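1. Based on what follows, work out the 3D shape:
(chains A and B)
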Amino acid sequence: MTPTTKPREGEIWAVGGGKGGTGKTFLTSSMAAHLARKGREVVLVDMDIGGANLHSFFGIGRPQKSLTSFFEMGASLSDLVTPTGLPNISLVGGDVHSISSDKITFSQKLKLFRQIMKLNARNVIIDLGAGSHTNTLDTFLIADKMIVVLAPEVIAIDNMYHFIKNALFRKVKKTLKDYGFREIVQHIWDRRQSYGITNLRELIDYLKGSFSYIGTVLDHELAGFRIYLALNMVRNRQDVLLGASIKSVMNKYLGVPVLYAGHVEYNDAVWKSVRERKPFILQYASTSCAREIEALIENVDKGREISIDGGP
Amino acid sequence: MRRPDLAACYAVLEIPADAPLRDVHAAFLRLKKLYSGESIATAPLGEEFPEERRRTVLAEIEEAYARILAGRKAEPVRPDPLFSDAWGGERGEPGPGGEGPYRGPLLRRLRERAGIELSEISRELKLRVELLRALEEERFEALPQDIYLKVHLKNYAAFLRLDPAQVAEDYLQRYREWKGRSGPSG
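-> This next block holds a predicted model:
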């Protein structure tokens, strides 16, 4: 036993979901504001490579130190943590004109993940930005809580399914790689038609059925794969129910458990607060929208979800 | 026959095993709608989630719902001598569908046997508890006109998984007898 087996006290949250403009950065900043207000130490990591703007939600300029220093100068991540001006919240900025996701090497990525896990904070929250790049997916997969932010429209749903399917596929491949099965997974997937496989769930079922040993491994490793769903910009009851539908489809189609953490109503004040560069839930604390956001964050924190069929 | 795995049935309906019957009902209707028709939640999956698979999912949902309801009726919250009698005590003709004629007190017994509170039905059907109580106690003067009453009765019956048409017919017969006695109104 090495001394490092002591369980980490902090918790890493990753906020992704595929499509841009659904409110990922907005909700990430809200999570920090809410948890910090409760006295939690929070470190934000802006991994929105190319579009990093998390700092602006706290009314500060682009941090001088950023992930660029980590990737190009080998700086240590803990040295890049910058205060935001709000108590208990600091930030690793993601200025990133100079790095493209494709240039990040595998060893850099692993080093980054190791250092994220060592950040000294009760909550580390990673804003992943849009897209389903492998680096984005891998970062998503290191989190203790994987959160997707969705808007109630078909393109966002389409992108989110793509994002989660790819994250799950990465997870399966990574898991089986350690057991020497990585090539087999890709091989079967590439020839899925001849195996009569139409989707990822069937691939997983096929693998489990063909190699009972793999089945045990996958069951164990995928047990922790669950998604927290945050539905943003909701306008009516139908939109609220959409979250339950997504949860159902993810479960019945992909076999992925989803916790419907909550929904946030569409509110023009959100845009105002972004322009004013102040955290919404502090600036507009009395709105029902702010209360929905707080309830959502509490649900993620406590591993809960909202109830759809039970009414008031 | 294998005892149905109720835990799996609740998982199919995506609700906790201690969910009140009203939630079971709501979850069933919600999921049935989702997988029967068009939804932006399923549309993006296209051919990856083919019609055939969708029908299988629907069948699982229907079966889970039926099993949960059957399970709840087979496990009454309190011992009920009527139950072992296969409903026979109510009308002397045992067997499924032999519960009638449906009158207020029988409806109440059937509801209690299923472990359902009036407040649950009230929330689901958006009807006042007082009205439902009047219905079960056959206080006809407190009930709405028969055209509305018929709708309420059918919904109430459907909630209890009884035959809505039969319940409405039996009950309204008593109601009309009372109305005939009390003379034309308005």
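2. Could you count how many residues lie near residue B:105?
-> 12 (other CB atoms under 10 Å in any protein chain shown). The way it works is simple: take the backbone N, C-alpha and C, and place the C-beta from them, glycine included.
3. Oh, that last question was meant for residue B:175, not what I typed.
-> Residue B:175: 20 neighbours (other CB under 10 Å).
4. SS state for it?
-> helix (DSSP: H, G, I helix; E, B strand; the rest coil).
5. Do I have it right that it meets residue B:143?
-> Yes: the pair residue B:175 / residue B:143 is scored as a contact, 7.3 Å apart, by CB atoms under 8 Å.
6. who touches both of the two?
-> Common contacts of residue B:175 and residue B:143 (CB atoms under 8 Å, 6 or more residues apart in numbering or on different chains): residue B:149.
7. so where do the helices sit in the chain?
-> Just going to use chain A. Shown for chain A, the helices assigned by DSSP state H span residues A:24-37, A:67-73, A:106-118, A:134-142, A:154-177, A:182-190, A:200-210, A:212-222, A:237-249, A:268-276, A:280-283, A:288-302.
8. please go with chain B instead
-> Going by DSSP H, chain B shows helices at B:6-13, B:21-36, B:51-74, B:81-84, B:88-91, B:104-113, B:118-125, B:129-136, B:146-159, B:164-182.
9. so what does the third one touch, helix or strand wise?
-> What that stands for is helix B:51-74. helix B:6-13, helix B:21-36 (3 or more CB pairs under 8 Å, 6 or more residues apart in numbering or on different chains; DSSP states H and E).
10. and the stretch 201-312 of chain A, which of its residues are near chain B?
-> A:241-242, A:244-249, A:251-253, A:307-311 (CB under 8 Å from any CB of the partner chain).
11. Pull the most distant pair out of these.
-> A:253 and A:311 (27.1 Å; CB to CB).
12. Sketch out the low-pLDDT regions of the chain for me.
-> I went with chain A, as the question did not name one. A:1-8, A:96-99, A:310-312 (pLDDT under 70).
13. switch to chain B, that's the one I care about
-> Ranges of chain B meeting pLDDT under 70: B:1-4, B:73-100, B:183-186.
14. Return the residues of it in contact with chain A.
-> Residues of chain B lying near chain A (CB under 8 Å from any CB): B:14-15, B:19-20, B:22-24, B:26-27, B:30-31, B:34, B:39-45, B:47-50, B:53, B:57, B:123.
15. Turn the buried ones among those into a named PyMOL selection, would you?
-> One line in PyMOL is enough to select the buried ones among those; burial here means 16 or more other CB atoms under 10 Å in any protein chain shown:
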select buried, chain B and resi 14+15+19+20+22+23+24+26+27+30+31+34+39+40+41+42+44+45+48+49+53+57+123
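16. Tell me, how many residues neighbour residue 121?
-> Unless you meant another one, I'm taking chain A. With other CB under 10 Å as criterion, residue A:121 counts 20.
17. Sorry, I should have been clearer: chain B.
-> Residue B:121: 22 neighbours (other CB under 10 Å).
18. Check residue B:135 too.
-> 25.
19. Show me the domain layout of chain B.
-> Domain segmentation of chain B under automatic domain parsing yields B:6-74, B:83-182.
20. Nearest to residue A:87 among those would be which one?
-> Closest among the domains of chain B, once you apply CB to CB, is domain B:6-74, at 38.3 Å.
21. Now for the closest residue in space to residue B:111 that isn't next to it in sequence, how many residues are close by?
-> With CB to CB, 6 or more residues apart in numbering or on different chains as the criterion, residue B:111 has its nearest non-adjacent residue at 5.9 Å, and that residue is residue B:160. The number of residues packed near residue B:160 is 19, by other CB under 10 Å.
22. Many thanks, have a good one.
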